[in-house]
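Participant: give me coordinates for this.
(one chain, ligands or ions: 2)
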Amino acid sequence: MSDSLQATQYSPLLGEETAAHSGHGDPMALRERSLLLREIVAAQQEKAAERRTFLVVINIADTKNYDDIIRVFGYKFADDLLNIRLADLDFIRQDQPAFRVGFWSIGLIYRTTGEDDLRYSWAKLNAVLAKPLICRGIPISIKAGIGICDLMKSPIAAEDLLQATYLAGQAGAASPTGWTECNYDLAEDHRRAFTLISDAGHALTTADEFQLSYQARVTLRSGQADAVEALLRWYHPVLGRVTPDEFIPLIEATGLVRDLTSWVLAYAIAQAAKWHSDNQKLKICVKISTKSLEEDDFVSRLRELLETYKFPPAYLELEFSERRSFSNLPVARGRLLELREMGVNISIDDFGTGTNSFWSLENIPANILKIDRNMIKSLPDNVRHQALVKSMIRMAHELDMEVVAEGVETAAVRDMLHGWNCDFAEGFLLNRPMPADAFISWFTETFPRN
Ligand code: C2E
Ligand code: CA
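Facilitator: Ligands and ions are numbered 1, 2, ... in the order given. So this is what the prediction gives:
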């Protein structure tokens, strides 16, 4: 029987048993999610003091398990496996209908009168989920998790609540009890993430929501500065200032990253070109998402921009983080070589904290290495970091690369780096990132031209 047919026959508000729910023999007979949402709303409105009502989400396996099983055994096997486990769970479905929440997740509304009853139920459920699974004679190891939400204490919307309980179920797989209670903060985080992703496209076309701030880079040998890093800021009309560490990974997960990178490049190059025409010949450094580099027309779009603003490529530096790997290395590498041929500088950002440092040195055709600020921050009291940073500088020089230390906050650290022949330093010691006008006033005052 199809889910949609069941949907028309079930009355969640009355909770009546209908022919549609008689499908215990067919483990796949799960009701659809929209009906569960209606049940949640109804349960939230119940005022029975003597009874507690919970939303329970059972993640029969995590998505990694699911992917592995599909990859190795195929869909039919995965369906059979799910059916076996759903049949094991039939005992809870005698009392209440179960709903399909995700591929391998089911949800149900559970009503109880006391704590003991509750503990007994969770223990029984865990015991069933921990049972070895054997399908077609093959023992399969999967990790289940249960998410639980007390509907009597849950003020948020049904959809957010279901999402938070589903996430609690994922966390449950890692907890010693096998279950975790719903965390509303997590639901709030997801709502906020959703708002940011939904609003980013509009913000890119609205004046002033996105802005660039600028931070100078000093040449340690001379004490002069001739480069500036552009850092993106988002002033959201409702949420206020949102940090790039929060919104950039969200945008990178969507197709909008292309527009965002174009926006940053266009504004940064336009600004630097303006400073050049005012005879302030600064090199501009822009961070680029690895995903953007893999766009087919990335290089041609950049070339066009440089031509539009008549901006010399040698005054542009594109930074790529060694923490984010390229999904298609040969393509990315080809593009980077093309950019280097054009005269654009390429730097490896956040160096030293990823797991692939030697890999990035080997594979990213960069001429600049930027040592991560976490490495630099700890220099005064960490002798191992001192040895590592010294070796990184030496190694980079042997590879014909220049070295930038990020996050220099004290004169002691700057002097230490200078003593080790580090080429450049950036950080709060010199300046905090500032909007364009404030930056250039500060810069011309701090580094007057002779
Ligand atoms: P990042 O590229 O490593 O940028 C440096 C970050 O360190 C900036 O934070 C900067 O404000 C901060 N910083 C600079 N000096 C110091 C210091 O002395 N001490 C400390 N504690 N921090 C310092 P911000 O602007 O919040 O940017 C965070 C991250 O967001 C950046 O790290 C970068 O990964 C990303 N990001 C920023 N703008 C862009 C952009 O336009 N495109 C992309 N793809 N990513 C960006
Ligand atoms: Ca960095």
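Participant: so what's Gly407 scoring on pLDDT?
Facilitator: Reported pLDDT at Gly407 in the predicted model: 97.
Participant: that one falls within a helix, correct?
Facilitator: No. Counting by DSSP: H, G, I helix; E, B strand; the rest coil, Gly407 is not part of a helix but coil.
Participant: and the residue nearest to it when sequence neighbours are not counted, what does it touch?
Facilitator: Nearest residue to Gly407 in three dimensions, chain neighbours excluded: Arg373, at 2.5 Å (CB to CB, 6 or more residues apart in numbering). For glycine as for every other residue, the C-beta is placed from the backbone atoms N, C-alpha and C. By CB atoms under 8 Å, 6 or more residues apart in numbering, the residues touching Arg373 are 406-407, 427.
Participant: what's the answer for Tyr309, then?
Facilitator: 269-270, 273.
Participant: let me have the residues you listed in TSV, extended by distance to Trp263 and pLDDT.
Facilitator: Converted to TSV, the contacts of Tyr309 look like this (distance: CB to CB, whole Å; pLDDT from 0 to 100):
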residue	distance to Trp263	pLDDT
Ile269	11	98
Ala270	11	98
Ala273	16	98
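Participant: whichever of those end up buried, select them in ChimeraX.
Facilitator: ChimeraX command restricting the contacts of Tyr309 to the buried ones, with burial defined by 16 or more other CB atoms under 10 Å:
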select :269,273
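Participant: in helices, which of the contacts of Tyr309 appear?
Facilitator: If you go by DSSP state H, those have 269-270, 273 in helices.
Participant: tell me which of those residues is nearest to Asn367?
Facilitator: Set against Asn367, the nearest of the ones in helices among the contacts of Tyr309 by CB to CB is Ile269 (19.2 Å).
Participant: so is stretch 245-259 next to ligand 2?
Facilitator: No. Legend: contact between stretch 245-259 and ligand 2 by CB under 5 Å from the ion is lacking; minimum distance shown is 10.8 Å.
Participant: residues touching that stretch, excluding its own?
Facilitator: 193, 196-197, 200-201, 204, 232, 234, 260, 289, 291-292, 295.
Participant: try 10 Å this time
Facilitator: Applying CB atoms under 10 Å, 6 or more residues apart in numbering, the contact partners of stretch 245-259 are 189, 192-201, 203-205, 210, 232-234, 236, 239, 242, 244, 260-261, 263, 287-292, 295, 297-298, 301, 324.
Participant: returning to what we had before: as JSON lines, the contacts of Tyr309 with distance to ligand 2 would be great.
Facilitator: Shown next, in JSON lines, are the contacts of Tyr309 (distance: CB to the ion, whole Å):
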{"residue": "Ile269", "distance to ligand 2": "20"}
{"residue": "Ala270", "distance to ligand 2": "23"}
{"residue": "Ala273", "distance to ligand 2": "24"}
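Participant: do you have the helices of the stretch 301-450 of the chain handy? List them.
Facilitator: Remark: helices assigned in the stretch 301-450 of the chain by DSSP state H, counting those that start in this stretch are 329-342, 357-363, 373-377, 383-398, 411-419, 436-446.
Participant: got the contact list for the last one?
Facilitator: Same thing as helix 436-446. With CB under 10 Å, 6+ apart, helix 436-446 has contacts from 211-216, 218, 225, 228, 230, 267-268, 271-272, 274-275, 278, 280, 282, 430-434.
Participant: average pLDDT across it?
Facilitator: Helix 436-446 carries an average pLDDT of 97.
Participant: Ser213: how many residues sit nearby?
Facilitator: Ser213: 17 surrounding residues under other CB atoms under 10 Å.
Participant: my bad, should have said Met395
Facilitator: Met395 has 15 neighbours, counted by other CB under 10 Å.
Participant: for it, give its distance to Leu129.
Facilitator: Remark: distance between Met395 and Leu129 (CB to CB, to the nearest Å) = 50 Å.
Participant: what's the neighbour count on Glu46?
Facilitator: Glu46 has 12 nearby residues by other CB under 10 Å.
Participant: no no, Lys124
Facilitator: 12.
Participant: one more: Gly354?
Facilitator: With other CB under 10 Å as criterion, Gly354 counts 17.
Participant: who's in contact with it?
Facilitator: Gly354 sits next to 321-325, 348, 360, 372 when contact means CB under 10 Å, 6+ apart.
Participant: which among these end up buried?
Facilitator: Buried subset of the contacts of Gly354 (neighbour count, 16+ other CB under 10 Å): 321-322, 348, 360, 372.
Participant: which ones among the residues you listed lie within strands?
Facilitator: Among the buried ones among the contacts of Gly354, DSSP state E puts 321, 348 in strands.
Participant: okay, the buried ones among the contacts of Gly354 in CSV with distance to ligand 2 and pLDDT next?
Facilitator: Converted to CSV, the buried ones among the contacts of Gly354 look like this (distance: CB to the ion, whole Å; pLDDT from 0 to 100):
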residue, distance to ligand 2, pLDDT
Ser321, 7, 89
Glu322, 10, 74
Ile348, 10, 95
Ser360, 13, 86
Asp372, 6, 94
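Participant: what is the nearest of the buried ones among the contacts of Gly354 to ligand 1?
Facilitator: Ligand 1 has its nearest neighbour among the buried ones among the contacts of Gly354 in Ser321, at 6.2 Å by CB to the nearest ligand atom.
Participant: right, and that closest one touches Ile288 too?
Facilitator: Yes. Counting by CB atoms under 10 Å, Ser321 does reach Ile288; the two are 9.1 Å apart.
Participant: give me the common contacts of these two.
Facilitator: Asp349.
Participant: and Leu260, what element?
Facilitator: Here Leu260, judged by DSSP states H and E, is contained in helix 257-277.
Participant: ok, the helix or strand just after that helix near ligand 2 or not?
Facilitator: Using DSSP H and E, the helix or strand that follows helix 257-277 in sequence is strand 283-287. No. Strand 283-287 stays clear of ligand 2 (CB under 5 Å from the ion), getting no nearer than 7.4 Å.
Participant: Pro383 - how many residues pack around it?
Facilitator: You called it Pro, but residue 383 is Val. Around Val383 there are 8 other residues, counting by other CB under 10 Å.
Participant: may I have the longest strand along the chain as PDB, with CA atoms only?
Facilitator: Determined from DSSP E, the single longest strand within the chain is strand 225-236. Listed next in PDB are the C-alpha coordinates belonging to strand 225-236 (Å, rounded to 0.1, in the frame of the first residue of the first chain):
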ATOM      1  CA  ALA A 225      53.700  47.600   3.800                       C
ATOM      2  CA  ASP A 226      52.700  47.100   0.200                       C
ATOM      3  CA  ALA A 227      50.000  44.500   0.400                       C
ATOM      4  CA  VAL A 228      46.400  44.400   1.800                       C
ATOM      5  CA  GLU A 229      44.100  41.500   2.400                       C
ATOM      6  CA  ALA A 230      40.300  41.900   1.600                       C
ATOM      7  CA  LEU A 231      38.000  40.300   4.100                       C
ATOM      8  CA  LEU A 232      34.300  39.900   3.600                       C
ATOM      9  CA  ARG A 233      31.700  41.300   6.100                       C
ATOM     10  CA  TRP A 234      28.000  40.700   6.100                       C
ATOM     11  CA  TYR A 235      25.700  43.200   7.800                       C
ATOM     12  CA  HIS A 236      22.400  41.300   7.800                       C
END
